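Novice: give me the fold of what follows.
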Amino acid sequence: MSSTRMAKGAAMATENPERPAAAFPPRHGRLRRPHAVVTVLKAAGIAVAVAVVAAGGIGAFELNDLGQRVADNGIDISNGADAATATPLPVPRIGAIEGGFNFLLVGTDNDAAQGDAYGVRDATLNDVNILLHVSADHTSGVVVSLPRDLIVPHPECVDPDTGEEFYAMSGRPLNEAWSRGGLGCVVATVSELTGQTIPYAGTVSFNGVIAMTDAIGGVPVCVEEAIDDPDAALVLPAGTSTISGATALGFLRSRHGVGDGSDLSRISSQQTYMSSLMRTMKSADTLGDLSKLYGLARAAASNVKLSSNLTSLDSIVAMAYALKDIDLDHLVFVQYPGGTGDADYPGKVVPYTDLADELFAAIAADQPFSLDGDSLGRGTVLDPNATPTPVAPTPTPTPTEDPEVIAAAAPAAAAPAAAPAQVISGLKGMTATTQTCAAAYSG
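Specialist: Modelled structure (predicted):
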């Protein structure tokens, strides 16, 4: 198994993020013809976990049925390794999972159930790859979107169904990993790229996106100008609309409706959706509606396939408890650092490895970080009609000359100020509290 890590390797290092210059060894391995494919919902994994927490108020029969469906959809992600070393021990009790963890959600562009509703393709590709990291103290989280066309090395992989082996490749798009061994191969590829251990994973397809967004009940999204993108079957007026089902899928698929028409623009507009989704899920109306949450859990059980170490409700609930109390100010959505324009890989995304090293060093150390003032990606703008978070006024004390009252009101010694969060300049993204609109297509 190849041990090269892209984020640490010098072969692809790019010192100047404005002008990526990458050189790769010759390409090897079994290659497939690239496809013009589309992306799917990235936030489903988070929503699934939150939804299942609420299922604790449902009757035993429904819970047993839900648990069985989750177990039936379990996927082996060991990639041919000894299961004892590849799969962590199951969570022993219901409660927040101990320590930090990484979860990879993969959105596929094709499966047996969807037919040709979104075009005929002869292969299934991993067109959404999103890595969620939750800190050990469960106070912060990072969601890293990895572009489908990111040029990365691929490790040796094994197809869990056929036993077919695929040898390592260098300098190929990330979205080819699924064809070399399914979810386990995608996990291995992202783990090697980022240097992160990834014990948990899940996958969802187009039909799953529609079912999940219907169960959520809609997500408000803002667009800078009206969108009419026939390629994504999406028509939206300017301003804010609450979208669900096929319309939400169209919003997440749209390239020629936002930004400069690139996949990087689409990632940033998808972050607009994800941040709104998390605000919606945190709102009292959503989290207090047990029927919506159980509907989401049922949709997830039928449409989201999880790694085999997450196929018990105890495990999912434990993960959800770790997620549910993260302050949205401390949940950061970022794009894996990279850019287009490399002559050797036209139309593809080449990593900025210096910046990636900084990002994943902070993640590995559980070091909270913030973004600079120019972090919004190509596909987003700040929402001009955003409602600021209200700040309660400081009450004015009533004047008094009573010495006992004055003594009682004397301020206690101030606690030491917390160290400011590290700023990682150059990353593209936003926090879950950032209110944005999808930018108008600029041609």
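Novice: where do the strands of the stretch 101-250 of the chain begin and end?
Specialist: 101-108, 126-134, 141-146, 151-154, 157-158, 165-166, 169-173, 200-204, 219-223, 227-229, 234-236, 239-243 (DSSP state E, counting those that start in this stretch).
Novice: kindly present these as CSV, with separate columns for mean neighbour count and mean pLDDT.
Specialist: (C-beta placed from N, C-alpha, C; glycine too.) As requested, the strands of the stretch 101-250 of the chain are exported to CSV (neighbours: other CB atoms under 10 Å; pLDDT from 0 to 100):
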stretch, mean neighbour count, mean pLDDT
strand 101-108, 24, 91
strand 126-134, 25, 92
strand 141-146, 24, 95
strand 151-154, 26, 96
strand 157-158, 24, 95
strand 165-166, 15, 94
strand 169-173, 22, 93
strand 200-204, 26, 90
strand 219-223, 22, 94
strand 227-229, 18, 92
strand 234-236, 19, 93
strand 239-243, 16, 95
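Novice: now those as TSV including distance to residue 381?
Specialist: Below are the strands of the stretch 101-250 of the chain laid out as TSV (distance: least, CB to CB, whole Å):
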stretch	distance to residue 381
strand 101-108	25
strand 126-134	22
strand 141-146	18
strand 151-154	29
strand 157-158	40
strand 165-166	42
strand 169-173	29
strand 200-204	28
strand 219-223	9
strand 227-229	14
strand 234-236	15
strand 239-243	13
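Novice: and these: which comes nearest residue 279?
Specialist: Among those, the nearest to residue 279 by CB to CB is strand 219-223 (8.6 Å).
Novice: mind pulling up the pLDDT for residue 66?
Specialist: Note on residue 66: pLDDT of 63.
Novice: what's the local residue count around residue 230?
Specialist: 9 (other CB atoms under 10 Å).
Novice: still on that earlier bit, so which of the strands of the stretch 101-250 of the chain is nearest residue 80?
Specialist: strand 157-158 (3.4 Å).
Novice: strand partners (parallel or antiparallel) of that closest one?
Specialist: Paired strands of strand 157-158, with direction, are strand 165-166 (antiparallel) (DSSP bridges).
Novice: who touches the strand it pairs with?
Specialist: 29-30, 80, 154, 156-159, 180-181, 185 (CB atoms under 8 Å, 6 or more residues apart in numbering).
Novice: of the residues you listed, closest to residue 281?
Specialist: Checking those one by one against residue 281 (CB to CB), the nearest turns out to be residue 185, at 30.5 Å.
Novice: contacting residues for the closest one?
Specialist: 79, 154-155, 157-159, 166, 177-178.
Novice: now it: how far from residue 151?
Specialist: Going from residue 185 to residue 151 by CB to CB, to the nearest Å gives 17 Å.
Novice: with residue 174 instead?
Specialist: From residue 174 to residue 151 the distance is 8 Å (CB to CB).
Novice: what comes up buried for stretch 252-269?
Specialist: Going by neighbour count (16 or more other CB atoms under 10 Å), the buried part of stretch 252-269 is 252-259, 261-269.
Novice: next step: these restricted to helices.
Specialist: 252-253, 263-269 (DSSP state H).
Novice: got the end-to-end distance for stretch 150-170?
Specialist: 12 Å (CA to CA, to the nearest Å).
Novice: now do the helices in this structure.
Specialist: Under DSSP H, the chain gives helices at 44-54, 60-72, 83-86, 182-194, 206-216, 245-253, 263-282, 284-287, 290-303, 313-324, 353-364, 403-408.
Novice: between the strands of the stretch 101-250 of the chain, which gets nearest to residue 369?
Specialist: strand 141-146 (8.1 Å).
Novice: quick check, nearest of the ones in helices among the buried residues of stretch 252-269 to residue 310?
Specialist: Distances from residue 310 to these, taken by CB to CB, are shortest for residue 252, at 23.4 Å.
Novice: how close does that closest one sit to residue 281?
Specialist: Relative to residue 281, and taking CB to CB, residue 252 is found at 17 Å.
Novice: and what of residue 102?
Specialist: In terms of CB to CB, residue 102 sits 20 Å off from residue 281.
Novice: same check on residue 351?
Specialist: 31 Å.
Novice: likewise for residue 265?
Specialist: 25 Å.
Novice: doesn't residue 197 make contact with residue 103?
Specialist: No. The pair residue 103 and residue 197 fails to qualify as a contact (CB atoms under 8 Å) at a distance of 11.5 Å.
Novice: show the low-confidence segments of the stretch 251-400 of the chain, by residue range.
Specialist: By pLDDT under 70, the low-scoring segments of the stretch 251-400 of the chain are 284-295, 313-314, 316-317, 388-400.
Novice: also the stretch 51-200 of the chain?
Specialist: Ranges of the stretch 51-200 of the chain meeting pLDDT under 70: 51-67, 69-70, 82-96, 110-121.
Novice: can you pull the contacts of residue 254?
Specialist: Residues near residue 254 by CB under 8 Å, 6+ apart: 227, 229, 231-232, 234, 266, 269.
Novice: burial measure for the residue lying closest to it once chain neighbours are set aside, as a count.
Specialist: Excluding the flanking residues, the one nearest residue 254 by CB to CB, 6 or more residues apart in numbering is residue 232, at 4.0 Å. Residue 232 has 22 neighbours, counted by other CB under 10 Å.
Novice: residue 232 contacts residue 255, correct?
Specialist: Yes. If you go by CB under 8 Å, residue 232 and residue 255 touch, sitting 7.3 Å apart.
Novice: quick check: residue 179 vs residue 348, distance?
Specialist: Taking CB to CB, one finds residue 179 at 17 Å from residue 348.
Novice: who has more neighbours, these two?
Specialist: A direct count of neighbours by other CB under 10 Å for residue 179 and residue 348 places residue 348 higher, at 22 against 18.
Novice: for the nearest residue to that one once chain neighbours are set aside, what are its contacts?
Specialist: The spatially closest residue to residue 348, leaving aside those adjacent along the chain, is residue 149, at 4.6 Å (CB to CB, 6+ apart). Neighbour list for residue 149: 173-175, 263, 347-349 [criterion: CB under 8 Å, 6+ apart].
Novice: ramachandran angles for residue 149?
Specialist: The phi/psi pair for residue 149 (degrees, to the nearest 10) reads phi -100, psi 20.
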